[in-house]
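[1] sequence and predicted structure below; questions after.
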Amino acid sequence: MRQLLRVYKITAKNDPTALWLAILGFLLVLGASFLIGFLVNGLGTLGFWLWIATGLLSAFLTFMIVMSRRAERNAYIQIEGQAGAVGAVLDSQIRRSWRASPMPIAVNPKSRDAVYRMIGPAGVVLIGEGPSARVQQMLEDESRRIARSAPGVQIHKVRVAIDGGVRLYELLKTVYKLKKSLTRSEVSAVANRLDSLANSTALPIPKGIDPMRARPPKRKA
């Protein structure tokens, strides 16, 4: 509870509307419970007070849900635009029907632009992180590779950006709204195939190496 209160205080400070939205949700749920209890059981009856007790618990839960969602949104806004921000989202809350990794499948060591991959009911979703001109070519290259490895699979390309792209806090919501095209077994088959191909073609990387800090080797004179 102390940690939650600390997070809520920070959220209310950075996002003043969050507290008012949470209070509004609290009052609406409590008011609905009061009205239902009055109409169904009458004022002052045992059933009425049971509705009030249930309403208080539901209103408190609504308050916590609203504040938690706004806190998550605020946290994503704080890291938006930084290298690896998409990986942080993919490492947090992914539905069971989707497969994703916080590690990018393609990285430009100089510009730190990156492409991430999600596989789920909508097919393969490639997520670009970086300026549009540079990351767009990376998205096209990865799309062609996947099309050759898994022909017939729907491929979607999404670019995360503050301007002219999908906002970081709306990334998962945008992906989950895509039209379904694969069954659960097909998702597993596609994911296993792409993972096996990636493992067979990838060069071994020593443990402890951060791909985001990789640098091209220096040429010998």
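    Right, received. Where do you want to start? Numbers count the residues shown, from 1 in each chain.

[2] where along the protein do the helices fall?
    2-14, 16-41, 46-79, 85-90, 132-149, 171-176, 184-201 (DSSP state H).

[3] and the last one, what's buried?
    Counting neighbours by 16 or more other C-beta atoms under 10 Å, one finds that the buried residues in helix 184-201 are 187, 190-191, 194. In short, each C-beta sits where N, CA and C put it, glycine included.

[4] could you do the fourth one as well?
    By neighbour count, and taking 16+ other C-beta under 10 Å as the criterion, the buried residues in helix 85-90 are 85-87, 89-90.

[5] tell me how far the residue nearest the centre of the chain lies from residue 76.
    Centroid check for the chain by C-alpha atoms, centre = their mean gives residue 172 as the closest residue, at 4.0 Å. According to C-beta to C-beta, to the nearest Å, residue 172 and residue 76 sit 10 Å apart.

[6] same question for residue 44.
    Counting by C-beta to C-beta, the gap from residue 44 to residue 76 is 47 Å.

[7] the more surrounded of these two?
    More neighbours surround residue 76 than the other of residue 44 and residue 76, with 18 against 8 (other C-beta atoms under 10 Å).

[8] residues contacting the residue lying closest to that one once chain neighbours are set aside?
    Spatial nearest neighbour of residue 76, excluding adjacent residues (C-beta to C-beta, 6 or more residues apart in numbering): residue 169 at 4.0 Å. If you count contacts by C-beta atoms under 8 Å, 6 or more residues apart in numbering, residue 169 has them with 72-73, 76-77, 80.

[9] do you know the pLDDT at residue 169?
    On the pLDDT scale, residue 169 is placed at 88.

[10] ok, residue 177 to residue 122 distance?
    9 Å.

[11] more neighbours: which of these two?
    Remark: of residue 177 and residue 122, residue 122 carries more neighbours, 21 against 9, as counted by other C-beta under 10 Å.

[12] show me the contacts for that one.
    154, 156, 175, 178-182.

[13] what's the burial count for residue 33?
    Residue 33 has 21 nearby residues by other C-beta under 10 Å.
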